[in-house]
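Student: below is the sequence, then the predicted model.
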Amino acid sequence: MGPMWAALGLVFVAELGDKTQLVAMGLGARHRLAPVLVGVALAYAVTNLLSVVVGGVLGVALPTRALGIGGGVLFLGFAAWNLRDGGDDDEAEALARPGHHVVASVALAMFVAELGDKTMLATATLAAQGDPALVWIGATVGIILSGFVGVLVGRATGARLPQRAIRIGSSVLFAVFGVGLIATSL
């Protein structure tokens, strides 16, 4: 159960302020709540499954210590990457235009926005180090909870949050996780 709780906590915190959470906020501000929540959950379940499969394959081939150090370095990179100005997520949000089936449109938008994201890489790293099934469950629950927070905040605020403060806060958390992963792997 340890890998599940680790994945849940790490992915939940890592996703806070992430571009996909901001996309979820925007979608939540524009569409009915239930279809957006279902679309977000579907997209995250699929992207995490992809991450776990990749991590499970890598976990067989790579030593745990190297993966921990590599994961820590990735998190430090995410901290620096997160500090730069936010990217343009209009292409992902455009996929969820009104007139399309909202659940499918939201799922596609979130899937595209999440591909290659730091939480996918974090999930793959955790799956390589622990039980992939438990990591998938934990990471999926963590990212869905984070996505739901984004959708609900988007509904409540109309997606008007100070993005700079969110970026800085999440960058600090990434740096802390990165240093922690490296320190425990040495």
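Tutor: Thanks, I have the structure now. Numbering: from 1, shown residues only.

Student: Pro132: neighbour count?
Tutor: Neighbour count for Pro132, taken as other Cβ atoms under 10 Å: 23. Just so you know, the C-beta spots here come from the backbone N, C-alpha and C atoms, and that holds for glycine as well.

Student: and if you look at Arg84?
Tutor: Counted with other Cβ under 10 Å, Arg84 comes out at 9.

Student: same question for Leu186.
Tutor: Leu186: 9 surrounding residues under other Cβ under 10 Å.

Student: OK, contacts around it?
Tutor: Applying Cβ atoms under 8 Å, 6 or more residues apart in numbering, we find Leu186 in contact with 65, 69.

Student: that one and Arg65, how far apart?
Tutor: Distance of Leu186 to Arg65, computed by Cβ to Cβ, to the nearest Å: 8 Å.

Student: now Gly56
Tutor: In terms of Cβ to Cβ, Gly56 sits 18 Å off from Arg65.

Student: more crowded one of these two?
Tutor: Between Gly56 and Arg65, Gly56 has the larger neighbour count (other Cβ under 10 Å), namely 18 against 12.

Student: so the more buried one is in which element?
Tutor: Secondary structure assignment for Gly56, by DSSP states H and E: helix 33-61.

Student: quick one: the helices in the protein?
Tutor: Per DSSP state H, the chain carries helices over the ranges 2-15, 19-30, 33-61, 64-83, 90-94, 102-114, 118-129, 132-157, 163-185.

Student: grab the nearest non-local neighbour of Ile69.
Tutor: Ser185 (4.8 Å; Cβ to Cβ, 6 or more residues apart in numbering).

Student: burial check on that neighbour, number of neighbours?
Tutor: 17.

Student: try Met25
Tutor: 24.

Student: got it, and Gly9?
Tutor: 13.

Student: cool, the one 10 residues further on as well?
Tutor: Around Lys19 sit 20 other residues, with neighbours defined as other Cβ under 10 Å.

Student: that one touches Met110, doesn't it?
Tutor: No: at 10.6 Å, Lys19 does not count as touching Met110 under the criterion of Cβ atoms under 8 Å.

Student: can you verify my assumption that Ala80 contacts Val172?
Tutor: No: contact criterion Cβ under 8 Å: Ala80 and Val172 do not qualify, at 11.6 Å.

Student: quick one: low-confidence parts of this protein?
Tutor: 59-64, 67, 82, 85-100, 116, 158-163, 165-167, 169-170, 173 (pLDDT under 70).

Student: try 90 this time
Tutor: 1-4, 6-36, 50-132, 147, 149-186 (pLDDT under 90).

Student: which residues touch Leu27?
Tutor: Per Cβ under 8 Å, 6+ apart, neighbours of Leu27: 36, 39-40, 93, 96, 106, 109-110, 151, 154.

Student: tell me how far it lies from Val151.
Tutor: 7 Å.
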